[in-house]
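Asker: Any chance you could fold what I've pasted below:
(4 chains)
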There are 4 protein chains.
Amino acid sequence: MTKTPTNPVPTPSVPAPDILRCAYAELVVTDLAASRKFYVDMLGLHVSYEDDTQIYLRSFEEFIHHNLVLTLGPVAALKAMAFRVRSNADVDAAEAYYKELGCRTERRTEGFVRGIGDAVRVEDPLGFPYEFFFETTHVERLHQRYDIYNAGELVRLDHFNQVTPDVPRGRAYLEDLGFRVTEDIQDEEGTTYAAWMHRKGTVHDTALTGGDGPRLHHVAFSTHEKHNIIQICDKMGALRMSDRIERGPGRHGVSNAFYLYILDPDDHRIEIYTQDYYTGDPDNPVITWDVHDNQRRDWWGNPVVPSWYTEASLVLDLDGNPREVVKRTDSSEMAVTVGADGFSYTRAPGNALTGDPGEEVGFKMGHQL
Amino acid sequence: MTKTPTNPVPTPSVPAPDILRCAYAELVVTDLAASRKFYVDMLGLHVSYEDDTQIYLRSFEEFIHHNLVLTLGPVAALKAMAFRVRSNADVDAAEAYYKELGCRTERRTEGFVRGIGDAVRVEDPLGFPYEFFFETTHVERLHQRYDIYNAGELVRLDHFNQVTPDVPRGRAYLEDLGFRVTEDIQDEEGTTYAAWMHRKGTVHDTALTGGDGPRLHHVAFSTHEKHNIIQICDKMGALRMSDRIERGPGRHGVSNAFYLYILDPDDHRIEIYTQDYYTGDPDNPVITWDVHDNQRRDWWGNPVVPSWYTEASLVLDLDGNPREVVKRTDSSEMAVTVGADGFSYTRAPGNALTGDPGEEVGFKMGHQL
Amino acid sequence: MTKTPTNPVPTPSVPAPDILRCAYAELVVTDLAASRKFYVDMLGLHVSYEDDTQIYLRSFEEFIHHNLVLTLGPVAALKAMAFRVRSNADVDAAEAYYKELGCRTERRTEGFVRGIGDAVRVEDPLGFPYEFFFETTHVERLHQRYDIYNAGELVRLDHFNQVTPDVPRGRAYLEDLGFRVTEDIQDEEGTTYAAWMHRKGTVHDTALTGGDGPRLHHVAFSTHEKHNIIQICDKMGALRMSDRIERGPGRHGVSNAFYLYILDPDDHRIEIYTQDYYTGDPDNPVITWDVHDNQRRDWWGNPVVPSWYTEASLVLDLDGNPREVVKRTDSSEMAVTVGADGFSYTRAPGNALTGDPGEEVGFKMGHQL
Amino acid sequence: MTKTPTNPVPTPSVPAPDILRCAYAELVVTDLAASRKFYVDMLGLHVSYEDDTQIYLRSFEEFIHHNLVLTLGPVAALKAMAFRVRSNADVDAAEAYYKELGCRTERRTEGFVRGIGDAVRVEDPLGFPYEFFFETTHVERLHQRYDIYNAGELVRLDHFNQVTPDVPRGRAYLEDLGFRVTEDIQDEEGTTYAAWMHRKGTVHDTALTGGDGPRLHHVAFSTHEKHNIIQICDKMGALRMSDRIERGPGRHGVSNAFYLYILDPDDHRIEIYTQDYYTGDPDNPVITWDVHDNQRRDWWGNPVVPSWYTEASLVLDLDGNPREVVKRTDSSEMAVTVGADGFSYTRAPGNALTGDPGEEVGFKMGHQL
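Answerer: I've put the predicted structure just below:
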């Protein structure tokens, strides 16, 4: 049973905006040439626009102007994570929604970045710089441009992942905003370690990972098939960049996707991701994983490296200053699963918690608590 | 420019039901054992329930009771094509909607088949037996049961495809019902040969193919990757069933998906399909293909076999009698593209129609008319 | 039972050279820029050397200087098909072998093309320009250069395929030369339509296809996986070159490989090929296919296009003049399997020939005659 | 420069047998039912024969009787590793060869196991139980039986890997026996840590890994493609056997193959392997890797788990008794690369050893010493 958040974000009286999907991230990078090498030369993202201070990138199948903006700046950080809404009226709705929440908001009808029109940015209750927009310049959708398709092609933006100290609090806030939870990780005492939630009918548009925050854990792009991800590993090996492969490749327990985590020159973490499942029905079954199940994070039981738990990108406020990072007070997933204090299992032990007699894998691959 | 339908289906005054997705087809088959061999032994669909007269099947990642019902009967035909709606209220809405259209409807709160609750079936304006339901028994989602994952595993129901004489008429009716067009095939005189339309954010939940109808063209299941489809071909070769491979494998121009068409023992056509693209945004760009572009149906230019254009399954009325098949009066796609009268090109000729100087491939892979 | 050739090539008294593998082809092309676009820009073969009259190309995993030489000339043709032998002594052996056969030979210690040393070229008994060499310049083996690995990467030269009127005669000659037959196609009267034979432990280094000859049927390169071949199709679609895809992709019955045939600007045929099987044991079972088995050429029963049977490249004599093409007098495979006179089956009919009661697939997928 | 072995195995005066390839391993297992679950139910190897004390297994494309014999016994160990030779005369040659070396040999014209005829087993100079045979029962080659092809199908036996204290000594002995080295791992002082050597034209038929021996490190089977290996991981996850995945999946630096190591119920290590390269030419370039290059064992830099270095299977003498394990006296690869004493790099440091100015990747991916 999930604990009730002690300091809940109020539910506004006005309707939430109708969010379509995660749309783009704006990342501050400290060396634009180094970032270009990583995102364009190595990963093959497609340039929609670039100048001396910014590079706008999109994935192979995208038709909106971009999925990633790299902005030159003094401190590597997340400047904005943007969601596309169904209409301009939903931008109005978003502004009203956050104003009622008492959050700082900024509206720009001409947009904050190129290729995006009327938009609002907010400092949300969890401290993240969210943007909502509908208007965007359409660009060539490259989905049949197999003449420029590279062996590790990134075809869509899939999701964001945010680090926040109090996951139940964040989850309730995002559910109010219209997100639907698909999977989470808990323990037998009701501590929630992470939650995945979506708008577009995949496992997530964003996820909350418990930890010191607000910080950005990663931005994820998807590929068509698993071999495309393996090629990215092979290419990083050929470029003698294997030390920038942080974790994987592997199969997630949560989401069932095939994954890889790599680090850009500023240590922003990028996930490459493929083949989760359809979640668009309102009664889509939620899967709760036991934090002690060592297949939850990697279905093959491969260990999670500590940096993956501890490191993340700073996020900026609307003035461009890094937000203060607040400590998590709940148990840390790393502490309860790795090392001296950790405990995890491959086959479920027989005990009262799971109602599992042991050595038995039940109906759900995760363990319903 | 698309021609206006001459005999349009009226737009009801009541709201359309909120359709989530195509959910299941009920096919009448004449030899249940032969069908079981095809769908279970050969294709590996998973049995949710079976008895002497019916087999209920689902795909690997499905959690609703089934995606396919095989019902023993005297004449091979489509008995129902079912869409899941957001709530029971949407079943009411569907019933009201079709009643206003003057269509025959039948409501059964206990459902028409096992595993489905309150549902309405209708004889729709195009003559198809549509069903709308929300209630369903949840079954084990097998998405991580890799211990039973076969090399050609079918993971989702993707779409239906219907044959109807007047595509613009059908399209306008389905747009009223809430479907959104993603791609179509036209010629320079405005004749529409086919249209694809969706609810769930893929290229289609159903498509209309111009021809003598109402008939069911095919039901499509998706796989994770392309090699899974190749394995189905290889397996049909090993089983000396290669004469039941009708067309493909290939890459569609329309939808960009990798595809295969095979025939079940009653000649019901099944498509295996993978890797189309996200279409969930309201301004998702519509692609119009020139009927003379020979990469529209197969991106590699491989010819479409005539049977694919001419053969399709009968559909039943609510009494279980086959609907009369009405001739298409517009030009036939086969006639204008194959054989003596046909004309098609690989590289766009320079002409007024396309505004294309020739030998030039423009922004959209299809040719905007 | 295979017919005895009526006009056999004598078996020399001297030992045959120890052939390692097919190594490279020299093709005369009529427009070097157009060929470069095809082989380098489109297929991604790697340039070892080029100037105004020649381009030297190699595959991803090759360490000898090249696998393909494109030489500018007035008439598109095969100038040489070269086999690598174990040592320089085997070049001597080859020269002696063909001299005893009465064939015209030419020895050049400095080689006929760049990157190759001491070599002998011969006009062989079937009329083909064979070359034998051992010495070659080693070049960078690119096998771990995943930074330049393209999505349709060609990784090895796999085999040649030659058209010759009298297959049993050619086969006996090549067996004397040390080749071992792995598979063939026959009919119930003992007519042989094609034979595959190897040195390097795959299904073939060269094959003989019955038809008007001597002509070169194709040169084949292999990829790592099946998706690489699909990408080549997709890319040719994107480049609006789908009319240069002649046949496939498909699964061969013979060889069990996944294949594609495409045509270069001079109509030289290139096969892309992957995943045949190990044949290196001396008692490797030979598979004989019935010419009427319609899965022999395509395991999925997809038809072979007529041009694949009728078209092939001319071959040159040592003076650079095209060899006269001699008609096949045995039955043509196309005539006995396609169209009005043709007869083929998917499931083996019950008859005396196969000893098969019908509808039964025996131990070997091919039908032992 | 490789050190000269101090206690070399003499080179016999009689010719070495002509070895075709690694052919099968006989493993003693302590619980035949548990082993059957692992090799047949989980991995899908095909049973050629089984009774209460033995199971004979083969891979999908094999035509000799088996590639693996599981023999019930009290102590888990390798009973024999068998190589196929070109003829019965080569069995004679092998017997004479080892007799001259002073090794214990045993000849059985009826074979040591079912499906194998005339064979000799020897206690070789490194202490391993080698078998040489030519005669074998041919069984159905399943290579086109796609009706029973599982998603993680093992298609060939690829190689063995042996642990021995003195790698240069073992290597020189195996080179005398006709094996050709393709790759090795050394350090700047000439210590050799491992060597790969082949007969059949792949990277290896067997390899020597430096460590306490004689012990069997692993037996490797190959798959067609990389996704087949990922499926084996996914399946082991679904079976809650992820703790039997020891290492991988990953890309080897050495051999360039995609790999996975798993453990059977007796801790015999099985590698699953795909896509190394052709090595059949006599001048195939040998690649020497620096032991400190952290991409040598895993191209993506993922760490090797300690158990992979330290654990291996016992081997039996001809009486069926486990051979004494002799300590390695040279440096251990684990010690020089992992942990407190270890040192390894991703980008080559500039130093005299490699002649590398640093941050530079030269012609060969490995570093020539």
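Asker: Name the helix or strand for A:Tyr97, please.
Answerer: Assigned by DSSP states H and E, A:Tyr97 belongs to helix A:88-100.
Asker: meant to ask about A:Glu26, not that
Answerer: Here A:Glu26 is assigned to strand A:19-29, by DSSP H and E.
Asker: Going along the chain, name the helices of the stretch 151-300 of chain A.
Answerer: Taking DSSP state H, counting those that start in this stretch, the helices of the stretch 151-300 of chain A run over residues A:167-176, A:226-238.
Asker: picking up where we left off before, next secondary structure after the helix holding A:Tyr97?
Answerer: Taking DSSP H and E, what comes next after helix A:88-100 is strand A:105-108.
Asker: Not counting that following strand itself, show me its contacts.
Answerer: A:91, A:95, A:98-99, A:118-123, A:318 (C-beta atoms under 8 Å, 6 or more residues apart in numbering or on different chains). From N, CA and C alone the C-beta is placed, and that goes for glycine too.
Asker: Out of these, which two are the most distant from each other?
Answerer: Greatest spacing in these, by C-beta to C-beta: A:Asp118 and A:Glu123 (19.1 Å).
Asker: more crowded one of those two?
Answerer: A:Glu123 (21 against 16; other C-beta atoms under 10 Å in any protein chain shown).
Asker: Could you find the closest non-adjacent residue to that one?
Answerer: A:Arg104 (4.6 Å; C-beta to C-beta, 6 or more residues apart in numbering or on different chains).
Asker: and the gap between the one you found and A:Ile116?
Answerer: 20 Å (C-beta to C-beta, to the nearest Å).
Asker: Same check on A:Leu68?
Answerer: Per C-beta to C-beta, A:Leu68 is found 13 Å from A:Ile116.
Asker: Could you do A:Met236 as well?
Answerer: 31 Å.
Asker: swap in A:Asp319?
Answerer: Separation of A:Asp319 from A:Ile116 (C-beta to C-beta): 20 Å.
Asker: between the two, which one's more packed in?
Answerer: The neighbour count for A:Asp319 versus A:Ile116, taken as other C-beta under 10 Å, is higher for A:Ile116 (26 against 8).
Asker: what's the more buried one in contact with, if anything?
Answerer: Counting by C-beta under 8 Å, 6+ apart, A:Ile116 has contacts A:24, A:65, A:82, A:133, A:135-137.
Asker: And the residue lying closest to A:Thr11 once chain neighbours are set aside, what's its pLDDT?
Answerer: What sits nearest to A:Thr11 in space, not counting adjacent residues and going by C-beta to C-beta, 6+ apart, is A:Asp176, at 4.9 Å. In this prediction, A:Asp176 carries a pLDDT score of 98.
Asker: Is the following helix or strand past the strand holding A:Glu26 positioned near chain C?
Answerer: Per DSSP H and E, the first helix or strand lying C-terminal to strand A:19-29 is helix A:32-36. No. On the criterion C-beta under 8 Å from any C-beta of the partner chain, helix A:32-36 is out of touch with chain C, staying 15.8 Å away.
Asker: Sort out which residues of helix A:32-36 are buried, please.
Answerer: For helix A:32-36, burial by neighbour count (16 or more other C-beta atoms under 10 Å in any protein chain shown) applies to A:32, A:35-36.
Asker: ditto for stretch A:298-316
Answerer: For stretch A:298-316, a neighbour-count test (16+ other C-beta under 10 Å) marks A:298-302, A:304-305, A:308-309, A:311-316 as buried.
Asker: In the stretch 251-369 of chain A, what residue lies closest to chain C?
Answerer: A:Thr274 (13.1 Å; C-beta to the nearest C-beta).
Asker: ok, which residues in chain A are in contact with chain D?
Answerer: For chain A, the contact set with chain D under C-beta under 8 Å from any C-beta comprises A:225-227, A:230, A:233-234, A:236-238, A:240-243, A:245, A:249, A:251, A:253, A:258, A:294-295, A:299-302, A:346-348, A:359, A:361, A:365.
Asker: could you say which helix or strand contains A:Ala49?
Answerer: Heads up, residue A:49 is Tyr, not Ala. Remark: A:Tyr49 resides in strand A:46-50, with elements defined by DSSP H and E.
Asker: pull the helix or strand with minimum mean pLDDT from chain A.
Answerer: Least confident helix or strand of chain A, by mean pLDDT, DSSP states H and E, is helix A:333-337 with a mean of 91.
Asker: and that helix, what other elements does it pack with?
Answerer: When contacts are defined as 3 or more C-beta pairs under 8 Å, 6 or more residues apart in numbering or on different chains; DSSP states H and E, helix A:333-337 sits against helix A:306-310.
Asker: Try it again at 10 Å.
Answerer: strand A:192-198, helix A:306-310 (3 or more C-beta pairs under 10 Å, 6 or more residues apart in numbering or on different chains; DSSP states H and E).
Asker: Quick check: residues of chain A near chain C?
Answerer: Counting by C-beta under 10 Å from any C-beta of the partner chain, the residues of chain A close to chain C are A:41-42, A:142, A:144-153, A:224-225, A:227-228, A:230-241.
Asker: which of those residues count as buried?
Answerer: By 16+ other C-beta under 10 Å, those give A:42, A:142, A:144-147, A:149-153, A:224-225, A:227-228, A:230-241 as buried.
Asker: what's the burial count for the residue nearest to A:Asp187 when sequence neighbours are not counted?
Answerer: Spatial nearest neighbour of A:Asp187, excluding adjacent residues (C-beta to C-beta, 6+ apart): A:Val291 at 4.6 Å. Each residue near A:Val291 was counted by other C-beta under 10 Å, and the total is 26.
Asker: Quick check: A:Val291 touching A:Gly253?
Answerer: No. Here A:Val291 does not reach A:Gly253: they are 11.3 Å apart, not a contact under C-beta atoms under 10 Å.
Asker: I'd assumed A:Met236 was in contact with A:Ile270.
Answerer: No. Checked against C-beta under 10 Å, the pair A:Ile270 and A:Met236 is beyond contact range at 11.5 Å.
Asker: Overlap in contacts, these two.
Answerer: Contact criterion C-beta atoms under 10 Å, 6 or more residues apart in numbering or on different chains; residues shared by A:Ile270 and A:Met236: A:43, A:244, A:260, A:262.
Asker: And the pLDDT for the second one?
Answerer: Per-residue confidence for A:Arg244 comes out at a pLDDT of 97.
Asker: same check, this time on the third one
Answerer: With respect to pLDDT, A:Leu260 has a value of 98.
Asker: which residues pair with it across the strands?
Answerer: Assessed by DSSP bridges, A:Leu260 has beta-bridge partners A:Ile272.
Asker: Which residues are in contact with it?
Answerer: A:152, A:220, A:223, A:228-230, A:232-233, A:236, A:245-250, A:270-274, D:300.
Asker: same check, this time on the first one
Answerer: The neighbourhood of A:Leu43, defined by C-beta under 10 Å, 6+ apart, consists of A:37, A:57, A:59, A:68, A:150, A:152-154, A:221, A:232, A:235-236, A:262, A:264, A:270, A:272.
Asker: Give me the mean pLDDT for stretch A:110-123.
Answerer: 98.
Asker: Next, the buried residues of it.
Answerer: A:111-113, A:115-123.
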